[in-house]
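Student: Compute the structure for the input listed below.
(2 chains)
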Amino acid sequence: AQSVTQLGSHVSVSEGALVLLRCNYSSSVPPYLFWYVQYPNQGLQLLLKYTSAATLVKGINGFEAEFKKSETSFHLTKPSAHMSDAAEYFCAVSGTGRRALTFGSGTRLQVQP
Amino acid sequence: DSGVTQTPKHLITATGQRVTLRCSPRSGDLSVYWYQQSLDQGLQFLIQYYNGEERAKGNILERFSAQQFPDLHSELNLSSLELGDSALYFCASSATIPSGANVLTFGAGSRLTVL
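Tutor: I've put the predicted structure just below:
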């Protein structure tokens, strides 16, 4: 079965600092990987997705993630945090076809002024 | 606006009651997924429908059921409600013919409070 593990349920950074949210996956076949963001009282919004076309994936709002097969990781980064980035971030994995996503436990990002 | 519509946004009810949550997928999407989000369980996949047929089941309780209608909207029925069923219930839909990654588009959720 496919799964993802997000290290750190809470991450706090200063405005302008690097954001690094960690995600490791477990999959017996090459997975599809996703990062979603959930702002307070809202649904989940797709940030980016890995589909094997390129190991470095760029998403919305300046976020990017790098797929590292050797480390089974798909960490999310942003060079400079903004106050508006404060939200909960979820890593997710799926197989091929119309399969449901399996989500990690989420990481709540706080951005300090 | 994601294009996935969920009603009601908020619902407060008592233990033992039954409620129905409704979801309209994005235009053209044939797949509908239901997820439950709670503080202790995180985001749990409940069930998936594709063009009216059940496609996959996740951690859905026997007290819960769902269906997808010919117009593709879906309903999640929760019965004999317990305090622990209080959660945010999300509906998501995906493209009819996914080319590779199956991207889910989520609605804003229905917040259920059981008192």
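Student: Flag every residue of chain B that's near chain A.
Tutor: Proximity of chain B to chain A, by Cβ under 8 Å from any Cβ of the partner chain, involves residues B:2, B:4, B:31, B:33, B:35, B:42-43, B:45, B:48, B:50, B:55-56, B:58, B:90, B:92, B:94, B:98, B:100-109. Quick note: C-beta positions are derived from backbone N, CA and C, even for glycine.
Student: how about 7 Å then?
Tutor: With the criterion set to Cβ under 7 Å from any Cβ of the partner chain, chain B comes near chain A through B:2, B:31, B:33, B:42-43, B:45, B:48, B:50, B:55-56, B:58, B:90, B:94, B:98, B:100-104, B:106-109.
Student: What are the contacting residues of stretch B:106-115?
Tutor: A:42-44, B:2, B:4-6, B:8-15, B:19, B:21, B:23, B:81-83, B:85-92 (Cβ atoms under 7 Å, 6 or more residues apart in numbering or on different chains).
Student: For it, output the C-alpha coordinates as CSV.
Tutor: The C-alpha atoms that make up stretch B:106-115 are tabulated as CSV, following Å, rounded to 0.1, in the frame of the first residue of the first chain:
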residue,chain,number,x,y,z
PHE,B,106,-11.9,19.7,-3.5
GLY,B,107,-15.0,21.5,-2.4
ALA,B,108,-15.0,23.8,0.7
GLY,B,109,-16.4,21.0,2.9
SER,B,110,-19.3,20.4,5.2
ARG,B,111,-18.6,20.8,8.9
LEU,B,112,-20.7,18.4,10.9
THR,B,113,-21.1,18.9,14.7
VAL,B,114,-22.8,16.2,16.7
LEU,B,115,-23.9,17.2,20.1
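Student: Check which residues of the helix or strand encompassing A:Thr5 are buried.
Tutor: Assigning secondary structure by DSSP states H and E places A:Thr5 in strand A:3-7. Going by neighbour count (16 or more other Cβ atoms under 10 Å in any protein chain shown), the buried part of strand A:3-7 is A:Val4, A:Gln6.
Student: and the helix or strand following it, what other elements does it pack with?
Tutor: Per DSSP H and E, the first helix or strand lying C-terminal to strand A:3-7 is strand A:10-14. Under the contact definition 3 or more Cβ pairs under 7 Å, 6 or more residues apart in numbering or on different chains; DSSP states H and E, strand A:10-14 sits against strand A:107-112.
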